[in-house]
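Visitor: Need coordinates for the following:
(2 chains)
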Amino acid sequence: MHDPSRRLPGERLFSVLMVAVSLFLFHTATKISGFSGLAEPGSFPMFATGMMVITSVIITLKTFRLPHSDAHGWKAVFPGFVIFTAILMGFYALALKPVGFLPTSFVFLTISTWVMSRGSLLHALAVSALSLVLVYVVFRIVFSVLMPEGVVPEREIIAYISSIFAAGE
Amino acid sequence: MDFQSFFMTFLDLRLMALVGAGTAAGIYIGAIPGLSVTMAVSILISFTFSWEMYDALALMIGIYMGGVYGGSRTAILLNIPGAPSAIATALDGYPLAKKGQAGEAIGLSTTMSALGGLIGIAVLGFAAPAVSEFAIRFQPRDYMLLAILGILLVGSLSGESLIKGVFAGALGLTIGCVGLDPLTAQERFTFGHIELWGGISFVAVMIGLFGVSEALMQLQHINTPAVKQKISRVIPSWKSVVKFLPLSIQSSSIGVIIGALPGTGGDIAALMAYDHAKRVTKDPEVPFGKGARAGLVAPETANNAAVGGAFIPMLTLGIPGDSVTAIIIGAMFIHGLNPGPMLMIERPEMFWFILGALVLATGFMLFFGLTGIRLFVKVVELPRAMLFPLILLLSIIGAFAVNNSLTDVYWMLGFGVLGYFMKLYGYQLGPVILGVILSRLIDDNWRRAIISEREDLGRLFHGIFTSPLSLVLFMAVVMIFFTSTPLWPMLKKRLRRKADPAPKA
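Guide: Numbers count the residues shown, from 1 in each chain, chains lettered A, B, ... in the order given. Next up, the predicted model:
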């Protein structure tokens, strides 16, 4: 829980960054239709980004005046696990289309479960396979969510399995 | 004839199953510490966009009702409220569990939650038609003020500072502006990219802020072991239900009213009801905070009654009461529905359908709440190392599934990381999603209001000051701003000094 009377590591940088983003967005908003009228397409964006500028400046000024918290260094606010997971998710998104949903998800689940549980790889592999089967049945088959096939000829496999069942009837 | 839609979920097995599945999912997800009802709704809703509207609504309503209730379980058993609306529940629920009365506490809170839920729905059924009739007379400026008031209230009541809440709300409004202007098709914040013409996907923002950022936040405590629980008998005695009936009716009224105010939801309703119970219960069997059952009943009835209340502004004005209703409004837009006063006139059957689904979800909540305890314990004990990779995977699938677009996944990741830092540094995320949803409404109504006054600010303010409704809304907005400036404590101090002059030395 964030303690409002103390400043966490990186809080100053974040608040300054928010001021910079707000100023940039305000500048962009002024270029939409300028200051030509109150009902122009740019008037509401200017109001919203203007509020962002004003509030972010106040927040920054307040943040700079706060005393340090006991937590020190980036690791206190952005631990290795979080960075690792965010990067892993980025890789997952990149690989999703070319490689396909099933292999990418399996690798993603295995690595993240293995690292987070600090257990054996075999256990992580088994848990991930089970989770993936569950997700696949619920979302791909019940919810009919279309996911990229990639290298796995999913449709052919499903057609083959249903043909076996059809032949058995 | 439209009233017949009330029974749709009861008569159609498929819809009934969806409400039931949603309620069960809501209870379990809401009960797992770290997983909120907002997270559940935001991730699961993304899978329902290709569904029939009735199916999607049935599932969402179930999740909402179940999720609000589910948070109480862990509040009682572990002293960890599963949702903000269960914070007050932990105050007396946990001491009861420590005394070995966890089963009774769960049974009582379940029964009272169901009662509160039903009272909230009854009020919704009677009040919504009247409110929507009144709302037809609203001027564009009233809508604009009401929407701003909603964002400000969420900002001021849900977090540590109003300024951070306003910043978050303004950020949401700006995100909502991205794309082509709906009136003139002029590009706004598109930076020359055609992909941004349609705006940033609301689903990507929602899952990023409430799914990914929440999961990343929880990863900080990944090594906390799951807690083992033991629960005995859960069916409450008839005597105790009757004993707390008057209190539960009072707390339900508080819940409905607070829930119906734009921007305030179950969490505030529960805290206010707890406070009310403390004042009206003359001789509690044990002091409040030490396991008084009245302290458990009041917040639990109020937070479920607030669900019905929150649907009133959502369905009649198109203004969400909290983050969850904001997400449901977004989903309704995607399904081609326009929540607002015209909904009751154009699609009255939708209103009755929602009402029926809410009643059914309450019934399921009571059933699932009083049964399936063993399964429940197993789910809550699931190791986090298994749970969080799965949630992150579902977040990615959810963001991708809506438009089959990887761009949405990148947006979701971006908002996930931004949301993580915003949460870390004490910014509220609720106002962001409210801002995204209300951006178009405020923009449209601002332009309509100012055009009808020939772009003259003086005339607009004259209109505000001569209409009682506009004046009340305007004064409320001004008051919220004023109370967050340094002038407010100074004024309070001066008034106090006047009322109580310091004794002369």
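Visitor: What distance do you get for residue B:494 to chain A?
Guide: Here the criterion is CB to the nearest CB, to the nearest Å. By it, residue B:494 lies 23 Å from chain A. For the C-beta atoms, the positions are set from N, CA and C on the backbone; glycine is no exception.
Visitor: What is the neighbour count of that residue?
Guide: Counted by other CB atoms under 10 Å in any protein chain shown, the residues lying close to residue B:494 total 10.
Visitor: now swap in residue A:39 and tell me
Guide: If you count neighbours by other CB under 10 Å, residue A:39 ends up with 19.
Visitor: Would you mind confirming that it is in contact with residue B:453?
Guide: No - taking contacts as CB atoms under 8 Å, residue A:39 lies outside contact range of residue B:453: 9.8 Å.
Visitor: Now name the helix or strand holding residue B:214.
Guide: In this structure, residue B:214 sits in helix B:213-219 according to DSSP states H and E.
Visitor: any idea of the mean pLDDT in the helix or strand following that helix?
Guide: Counting by DSSP H and E, the element after helix B:213-219 in chain order, helix or strand, is helix B:238-243. Across helix B:238-243, pLDDT averages out at 84.
Visitor: For the helix holding residue B:214, buried residues please.
Guide: B:213-216, B:218-219 (16 or more other CB atoms under 10 Å in any protein chain shown).
Visitor: for stretch B:322-333, same thing?
Guide: Residues of stretch B:322-333 classed as buried: B:322-332 (neighbour count, 16+ other CB under 10 Å).
Visitor: And stretch B:455-467, by the same measure?
Guide: Under the neighbour-count criterion of 16+ other CB under 10 Å, stretch B:455-467 has B:460, B:463-464 buried.
Visitor: how about it as CSV, C-alpha atoms only?
Guide: Only the C-alpha atoms of stretch B:455-467 are listed here, as CSV (Å, rounded to 0.1, in the frame of the first residue of the first chain):
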residue,chain,number,x,y,z
GLU,B,455,-20.7,29.8,-28.1
ASP,B,456,-21.2,32.3,-25.4
LEU,B,457,-19.8,31.3,-22.0
GLY,B,458,-21.8,34.0,-20.2
ARG,B,459,-25.1,32.6,-21.6
LEU,B,460,-24.0,29.1,-20.6
PHE,B,461,-23.4,30.1,-17.0
HIS,B,462,-26.7,32.1,-17.0
GLY,B,463,-28.4,28.9,-18.0
ILE,B,464,-26.6,27.0,-15.2
PHE,B,465,-27.5,29.5,-12.5
THR,B,466,-31.1,29.8,-13.5
SER,B,467,-31.8,26.0,-13.6
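Visitor: Contacts for stretch A:27-41 next, please.
Guide: Here stretch A:27-41 makes contact (CB atoms under 8 Å, 6 or more residues apart in numbering or on different chains) with A:42-43, A:45-46, A:48-50, B:174, B:181, B:183-184, B:186-189, B:191, B:446-447, B:450-451, B:455, B:457.
Visitor: From those residues, which land in strands?
Guide: B:187-188 (DSSP state E).
Visitor: hang on, the earlier thing: give the other helices and strands that the helix holding residue B:214 contacts.
Guide: helix A:80-99, helix B:384-403, helix B:406-424 (3 or more CB pairs under 8 Å, 6 or more residues apart in numbering or on different chains; DSSP states H and E).
Visitor: Of those, give the one that comes closest to residue B:151.
Guide: Nearest to residue B:151 among those is helix B:406-424; the distance by CB to CB comes to 15.4 Å.
Visitor: Is it correct that residue B:181 is in contact with residue B:189?
Guide: No - when contacts are counted by CB under 8 Å, residue B:181 is not listed as touching residue B:189 (10.5 Å).
Visitor: Return the member of the buried residues of stretch B:455-467 nearest to chain A.
Guide: Using CB to the nearest CB, residue B:460 comes nearest to chain A of the buried residues of stretch B:455-467, at 8.8 Å.
Visitor: Excluding residues flanking it in the chain, which one is nearest that closest one?
Guide: Leaving aside its sequence neighbours, residue B:460 sits nearest to residue B:453 (CB to CB, 6 or more residues apart in numbering or on different chains; 4.6 Å).
Visitor: Could you report the neighbour count for that neighbour?
Guide: Residues near residue B:453, counting by other CB under 10 Å, number 19.
Visitor: And residue B:368, by the same measure?
Guide: Counted with other CB under 10 Å, the neighbours of residue B:368 add up to 22.
Visitor: which ones are touching residue B:477?
Guide: Residues in contact with residue B:477 (CB under 8 Å, 6+ apart) are B:145, B:148-149, B:152.
Visitor: Which of the helices or strands spans residue B:70?
Guide: With secondary structure defined by DSSP H and E, residue B:70 is part of helix B:53-78.
Visitor: Give the buried residues for that helix.
Guide: Residues B:53-54, B:56-78 are the ones in helix B:53-78 that count as buried (16+ other CB under 10 Å).
Visitor: just stretch B:338-351 next, same as before
Guide: The neighbour-count check on stretch B:338-351 (16+ other CB under 10 Å) flags B:339-341, B:343-344, B:347-351 as buried.
Visitor: Inside helices: which ones of these?
Guide: Among the buried residues of stretch B:338-351, DSSP state H puts B:341, B:343-344, B:348-351 in helices.
Visitor: From chain A, how far off is residue B:488?
Guide: Distance, residue B:488 to chain A, by CB to the nearest CB: 15 Å.
Visitor: For that residue, give me the pLDDT.
Guide: As predicted, residue B:488 sits at a pLDDT of 77.
Visitor: Could you check which helix or strand contains the closest residue to it other than its chain neighbours?
Guide: Leaving aside its sequence neighbours, residue B:488 sits nearest to residue B:482 (CB to CB, 6+ apart; 5.9 Å). Residue B:482 is part of helix B:468-483, with elements assigned from DSSP H and E.
Visitor: Buried residues, that helix. List them.
Guide: Within helix B:468-483, the residues that count as buried by 16+ other CB under 10 Å are B:469-470, B:473-474, B:476-477, B:480.
Visitor: Dump those residues to CSV, plus pLDDT.
Guide: Shown next, in CSV, are the buried residues of helix B:468-483 (pLDDT from 0 to 100):
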residue, pLDDT
B:469, 89
B:470, 92
B:473, 89
B:474, 93
B:476, 88
B:477, 88
B:480, 81
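Visitor: List just the nearest of those residues to chain A.
Guide: Chain A lies nearest to residue B:477 out of the buried residues of helix B:468-483, by CB to the nearest CB, at 12.6 Å.
Visitor: quick one: contacts for the residue nearest to residue B:452 when sequence neighbours are not counted?
Guide: Nearest in space to residue B:452, with sequence neighbours left out and distances taken as CB to CB, 6+ apart, is residue B:140 at 7.2 Å. Residue B:140 makes contact with B:444-446, B:448-449, B:452, according to CB under 8 Å, 6+ apart.
Visitor: per-residue pLDDT, the closest residue to chain A within the stretch 401-505 of chain B?
Guide: Residue nearest to chain A within the stretch 401-505 of chain B: residue B:426 (3.8 Å; CB to the nearest CB). At residue B:426, the model reports a pLDDT of 89.
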